[in-house]
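1. got a predicted structure plus its sequence, pasted below:
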Amino acid sequence: MNRIGLLAAVAGLGFAVWVVWQQDLAEVSTLLLGAGASLFLVALAHIPAMVVNAQAWAMLMPGNSRPSLPAMTLQVWIRESVNNLLPVGRVGGEIVCFRLLRRWGVKAPAAAGGMMADLALSLISQLLFSLLGIGLLSAGGAVLGWPAIALGVVVGVVLAASTIMVMRANWLSRAIAVLNNMAKDRLAGLAESTRRLDTYMRRLWRRPRAAVLCTAWQFMAWLAGALEIWVAGWALGTPISWSDAVMIEALIQALSSAAFLVPGALGIQEAGFVGLAMLAGLPPAAGAALGLARRFRDVVLFLPGLAAWAWMERRQ
């Protein structure tokens with residue numbers, strides 16, 4: 001663990017404990033104990049979202065070396081496990097998956113290029129999903145600060161557009177080529193690898209159908225993530241409508257992405273659940289219980305994901 005990640009994790013954990021402590025602990029405990037073994041269903045309800053995400057990612061892989069859907073789902077599982085539980089700024093999972101894809105025979109340009117494009121397109125799909133959440137929140141009668149929302153949308157569009165534009169340009173291979181010349185051709189291997197990556201990225205962006213399909217599948221994956229909130233409401237005995245589940249999931253994901261430096265968005269996620277649950281007409285204790293149910297998901301689903309990654313690394 002790096003020092004910044006460790007400090008962020010400790011601070012986030014302290015804030016999370018404080019947020020939960022401010023609620024009616026007796027009521028929170030009653031909700032969680034009442035759910036009992038149903039909390040395992042809450043964790044399993046996240047699997048459909050991972051499968052759909054795997055399908056989205058597969059759209060960007062070349063057909064001749066594209067892993068199967070179960071294999072891509074395994075990649076998504078490990079990626080989410082690393083990004084959610086380790087202080088890696090939500091990018092360490094991509095590095096791990098690149099190593100695994102290479103060991104499975106996927107060429108480096110396809111493995112890295114597909115991953116980078118998937119990350120860029122996820123900015124667009126999450127922006128659309130966040131806008132859906134804001135729309136549902138507004139339809140529910142919430143008074144929103146539209147100037148701040150408009151600023152967030154503009155920032156999101158600029159970030160997504162600039163990311164894609166940077167990936168379309170061959171700046172990386174040019175920069176490495178300059179360094180290779182300065183190093184008197186000692187970086188020839190790296191220069192050739194980056195040139196191939198840039199070539200793959202340019203070819204990928206010339207396939208708009210693949211990019212559109214990937215974005216559409218990603219958006220459906222975000223929607224599928226709301227199933228976990230809906231099931232959690234049922235398990236806790238505080239039923240949540242599908243529209244409220246989508247609203248909560250959309251805005252929780254936006255908050256978690258904004259707090260990418262904090263491992264697992266500790267504290268931010270808990271506060272978000274409490275606030276959004278209240279906007280959905282639920283008591284604060286129900287929001288705290290939803291947040292703890294999400295943490296239970298992390299333990300049940302993502303700790304085994306880390307174990308699976310460690311086993312694969314040791315085996316290979």
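-> Perfect, I can see it now.

2. okay, CA-based contacts and neighbour counts for the rest of this
-> Noted.

3. mind checking pLDDT for residue 57?
-> As summarised for this prediction, residue 57 has a pLDDT of 92.

4. same question, residue 89
-> 65.

5. cool, and residue 166?
-> 56.

6. next up, the contacts around the residue most central in space within the chain.
-> For the chain, residue 80 is the residue whose C-alpha lies nearest the centre (Cα atoms, centre = their mean; 6.7 Å). Applying Cα atoms under 8 Å, 6 or more residues apart in numbering to residue 80 gives the contacts 93, 302.

7. can you give me the distance of residue 32 to residue 282?
-> For residue 32, the distance to residue 282 equals 15 Å [Cα to Cα, to the nearest Å].

8. again with residue 47
-> In terms of Cα to Cα, residue 47 sits 26 Å off from residue 282.

9. also residue 70?
-> In terms of Cα to Cα, residue 70 sits 37 Å off from residue 282.

10. more crowded one of the two?
-> residue 282 (16 against 12; other Cα atoms under 10 Å).

11. quick one: the helices in the stretch 1-150 of the chain, in order.
-> Shown for the stretch 1-150 of the chain, the helices assigned by DSSP state H, counting those that start in this stretch span residues 3-21, 25-35, 38-44, 47-58, 69-85, 92-103, 108-139, 146-168.

12. may I see the buried residues of the third one?
-> Along helix 38-44, the positions that meet the burial threshold by neighbour count (16 or more other Cα atoms under 10 Å) are 38-40, 42-43.

13. just curious, which of the residues you listed is nearest to residue 66?
-> Of all the buried residues of helix 38-44, residue 66 sits closest to residue 43, with 28.1 Å by Cα to Cα.

14. contact partners for that closest one?
-> The contact partners of residue 43, by Cα under 8 Å, 6+ apart, come to 228, 294, 296-298, 300-301.

15. widest-spaced pair of those residues?
-> 228 and 300 (13.5 Å).

16. between those two, which one's more packed in?
-> Taking other Cα under 10 Å, residue 228 and residue 300 do not tie; residue 228 has more neighbours (26 against 16).

17. contacting residues for that one?
-> Per Cα under 8 Å, 6+ apart, neighbours of residue 228: 42-43, 45-46.

18. report pLDDT for the nearest residue to it once chain neighbours are set aside.
-> Spatial nearest neighbour of residue 228, excluding adjacent residues (Cα to Cα, 6 or more residues apart in numbering): residue 45 at 5.0 Å. If you check residue 45, the pLDDT there is 95.

19. and residue 45, how many neighbours does it have?
-> Around residue 45 there are 21 residues (other Cα under 10 Å).

20. ok, now residue 26?
-> 9.

21. any idea how far it is from residue 289?
-> Residue 26 is 11 Å from residue 289, by Cα to Cα.

22. show me what contacts residue 40?
-> So residue 40 contacts 297, 300 (Cα under 8 Å, 6+ apart).

23. next one: residue 295 from residue 267, what distance?
-> Plainly put, residue 295 is 11 Å away from residue 267 if you go by Cα to Cα.

24. more neighbours: those two, which one.
-> residue 267 (26 against 18).

25. what values do phi and psi take at the more buried one?
-> When read as degrees, to the nearest 10, the backbone of residue 267 gives phi 90, psi -50.

26. my read: it touches residue 19, true?
-> Yes. Residue 267 is in contact with residue 19 according to Cα atoms under 8 Å; the separation is 7.2 Å.

27. in contact with residue 69, which residues?
-> 51, 54-55, 58.
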